Each structure stands twice: as C-alpha cells, then as structure tokens.
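> fold the following and give me the result.
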Amino acid sequence: MFDKERAAVQAHSAGDGLSLINDAAYNLVVKGVTILPRLFRAPEDGGVDPNKTLTGPIGIFREMKNRAQLMGFDHSSKLLHWSASICLSSTCCRYRSLMVASLLMLGVETVIRRPLPMWLRNGLMWLGIVIVGLLFVYICGLDILRLIGIA
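Here you go, the predicted structure:
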C-alpha cells in the first residue's frame with residue numbers, strides 16, 4: 001500500500017527541507033485518496049478489509065511500543081521519524097476530509113447557482129461531526145477487540 005522509505009535524504013538548506021516535506025505530504029495525500037475506493041470493494045476484488053486494516057489511537061500506541069522495543073533506544077530518531085509520519089498522515093486526513101466536504105458543497109452550490117441555506121450548511125456540518133465521531137468509536141472498538149484477542 002504505502003512504500004517504505006528507500007534511502008536517507010539530507011536537506012542542504014531550509015528550502016530543500018520544505019521541498020522534501022511538501023513532496024512527502026503530496027504523495028501521502030494522493031495515495032490516501034487513491035485508497036479510498038478500495039475500502040468499498042470486496043477484498044477478493046482488490047479491496048481492503050477495513051476491519052483488518054483500520055487502527056485508532058490504541059493500535060497506534062501499541063505499534064509504537066512494539067517498534068520502540070524492536071529498535072531499542074539507540075534508534076530513537078527512527079521512532080521519532082515514524083511518529084512524525086503518523087502525525088502528518090492524520091493531519092493530511094483531516095484536511096483531506098475538509099477539502100472533500102467543501103468541494104461537495106461548492107459543487108452543489110454551482111449546480112443550483114446559489115448558496116445553500118445556512119441551516120442546511122450547519123446541518124451538514126453536524127452530520128459530518130456525528131459520522132466522524134461514530135467512525136472514531138468504531139475504530140477504537142476494533143482496537144479494543146484486537147487488544148483482548150477477539151478480533
């Protein structure tokens with residue numbers, strides 16, 4: 001799904017560093033968007049089983065603990081790099097969700113050629129918050145089931 005880092009990269013200036021970060025964030029967003037349709041296909045058809053691949057805060061911290069034990073403290077910079085990539089991934093995911101919601105509303109407003117009523121915009125935002133909250137509870141539930149050995 002996501003490629004592992006193949007070679008160490010060293011930035012020689014702040015501009016180089018920002019360019020590397022920008023390229024990594026762009027690739028992460030593009031790969032994240034391309035995987036979304038796979039969540040709605042059966043695993044036999046090249047899809048992804050979300051029950052086996054989604055993980056929340058519990059799973060992330062569990063994986064961080066396992067990586068720290070594998071790497072030891074002398075490889076703490078690798079653990080820090082891995083943690084930063086998770087942070088970047090979740091941040092990109094939040095902004096990607098906002099972007100998709102904004103584009104959908106903009107598309108509807110373009111088609112009807114007028115702004116949506118404020119009560120409808122607010123209702124859609126609240127619906128989005130409820131959906132994200134339910135998704136969070138579902139993913140944390142999967143993490144707990146994996147932790148106790150049921151899933």
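> which SS class is residue 12?
Classification of residue 12 using DSSP: H, G, I helix; E, B strand; the rest coil returns coil.
> any idea how many residues pack against it?
Residue 12: 7 surrounding residues under other CB atoms under 10 Å. Every residue, glycine included, has its C-beta placed from N, CA and C.
> and it, how far is that from residue 19?
Using CB to CB, to the nearest Å, residue 12 is found at 11 Å from residue 19.
> now swap in residue 57 and tell me
For residue 57 relative to residue 19 (CB to CB), the value is 31 Å.
> now do residue 145
For residue 145 relative to residue 19 (CB to CB), the value is 42 Å.
> just residue 59 next, same as before
In this view, residue 59 and residue 19 are 32 Å apart by CB to CB.
> have a look at those two and say which one is more surrounded.
More crowded of residue 59 and residue 19, by other CB under 10 Å: residue 59, with 17 against 12.
> from the middle of its chain, how far away would stretch 109-116 be?
The chain centre lies 30 Å from the centre of stretch 109-116; the measure is CA atoms, centre = their mean, to the nearest Å.
> can you show me the CA trace of that stretch as PDB?
C-alpha atoms of stretch 109-116 as PDB (Å, rounded to 0.1, in the frame of the first residue of the first chain):
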ATOM      1  CA  GLU A 109     -23.900  25.400  -5.000                       C
ATOM      2  CA  THR A 110     -22.500  25.600  -8.500                       C
ATOM      3  CA  VAL A 111     -25.200  23.300  -9.800                       C
ATOM      4  CA  ILE A 112     -28.100  25.100  -8.100                       C
ATOM      5  CA  ARG A 113     -26.400  28.500  -8.800                       C
ATOM      6  CA  ARG A 114     -27.000  29.900  -5.400                       C
ATOM      7  CA  PRO A 115     -25.500  29.400  -1.900                       C
ATOM      8  CA  LEU A 116     -27.000  26.700   0.300                       C
END
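> which residues does that stretch contact?
Stretch 109-116 is touched from outside by 105, 108, 124, with contacts defined as CB atoms under 8 Å, 6 or more residues apart in numbering.
> make it 10 Å
Stretch 109-116 has contacts (CB atoms under 10 Å, 6 or more residues apart in numbering) with 105, 106, 108, 121, 122, 123, 124.
> leaving out sequence neighbours, find the closest residue to the first one.
Yep, that's residue 105 we're talking about. Spatial nearest neighbour of residue 105, excluding adjacent residues (CB to CB, 6 or more residues apart in numbering): residue 116 at 6.4 Å.
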